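K.L.:
how would this look folded up:
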Amino acid sequence: MELVNQKAEQYAKLNTTALDELLMEIESFTNTNHPHAQMLSGHVQGKILELFSSMIQPERVLEIGTFTGFSALCMAKGLQEKGILHTIELRQEDAEIARSYFVKAGMREKIELYVGDALKIIPELKENWDLVFIDADKVNYINYYELTLPSVKKGGWLIADNVLFHGEVLEENVKGKNAKALLAFNEHVKNDERVQQAMLTIRDGLLLIQKK
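P.N.:
Sure, this is the predicted structure:
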């Protein structure tokens, strides 16, 4: 299902500040070489993550799902001087690609990369988060949300990606485990009195969540 008019998407890209050279390199490399390149946040969403991070100026950021490092570098641009971004990637190969770009960006001291199961790694971090970005396996979105929300600071933020899941959550009869999981996640957050939220129809859908 086409969620956003392609001409509108191109127009949005033309009217969004260009990515820096390294982010353009990551985008190009991923689109050319990765079999799941569609998982990359991309130009407009990447700039939104960068600007949002710059607005709130986080000290501690958690990203669940590093992929090739694009979104982490976008959000890291808004970190406070002593801020740290922690990012978790399940796949060793993707983690190594991301790590190489973090070094190339001169962000080795600002980004901590973990490889493995996020459900096991998150409890070990013992941090209080200003911003959490959830962009990993969809069936565990509720688990990631519940695991991180208690450690999000009051007034802090979570952003969940792919909440429209190619429009599949809009179908009368939702099929597929990922679409069903995201439908359940969206309902879970909507009914959670601990937060307030707004769903943005950007790319594949972003759910912007603030802890009360």
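
K.L.:
Which other helices and strands does the lowest-mean-pLDDT helix or strand in the chain contact?
P.N.:
Lowest mean confidence among the helices and strands of the chain (mean pLDDT, DSSP states H and E): helix 6-14, at a mean of 91. The contact analysis (3 or more CB pairs under 8 Å, 6 or more residues apart in numbering; DSSP states H and E) places helix 6-14 against helix 43-56. The C-beta positions use only the backbone N, C-alpha and C, and glycine is treated the same way.

K.L.:
tally of neighbours for Gly155?
P.N.:
10 (other CB atoms under 10 Å).

K.L.:
Please spell out which residues along the one helix or strand it maps to are buried.
P.N.:
Per DSSP states H and E, Gly155 falls inside strand 152-161. Judged by neighbour count using 16 or more other CB atoms under 10 Å, the buried positions of strand 152-161 are Val152, Gly156, Trp157, Leu158, Ile159, Ala160, Asp161.

K.L.:
Report the inter-axis angle for it versus helix 43-56.
P.N.:
Following axes from the mean of the first three to the mean of the last three CA atoms, to 10 degrees, one obtains 170 degrees for the angle between strand 152-161 and helix 43-56.

K.L.:
Quick one: distance of whatever helix or strand comes next after strand 152-161 to the chain centre.
P.N.:
Following strand 152-161 in sequence order, the next helix or strand is helix 177-190 (DSSP H and E). Relative to the chain's own centre, helix 177-190 is displaced by 16 Å; criterion: CA atoms, centre = their mean, to the nearest Å.

K.L.:
tell me which element Met75 is part of?
P.N.:
Going by DSSP H and E, Met75 is in helix 70-76.

K.L.:
looking only at pLDDT, what's the mean for that helix?
P.N.:
Helix 70-76 shows a mean pLDDT of 98.

K.L.:
In terms of secondary structure, what does it contact?
P.N.:
Using 3+ CB pairs under 8 Å, 6+ apart, helix 70-76 is in contact with helix 21-33, helix 43-56, strand 60-64, strand 84-89, helix 92-104, strand 111-115, strand 129-134.

K.L.:
ok, now with 10 Å
P.N.:
Using 3 or more CB pairs under 10 Å, 6 or more residues apart in numbering; DSSP states H and E, the elements in contact with helix 70-76 are helix 21-33, helix 43-56, strand 60-64, strand 84-89, helix 92-104, strand 111-115, strand 129-134, strand 152-161.

K.L.:
Run the chain-centre distance for it.
P.N.:
A distance of 9 Å separates the centroid of the chain from that of helix 70-76, by CA atoms, centre = their mean.

K.L.:
how many neighbours does Lys175 have?
P.N.:
Neighbours of Lys175 (other CB under 10 Å): 9.

K.L.:
was I right about it contacting Glu168?
P.N.:
Yes: with contact taken as CB atoms under 10 Å, Lys175 and Glu168 are classed as touching, separated by 7.3 Å.

K.L.:
hmm, back to that, would you indicate which residues of the least confident helix or strand of the chain are buried?
P.N.:
Counting neighbours by 16+ other CB under 10 Å, the buried set in helix 6-14 is Glu9.
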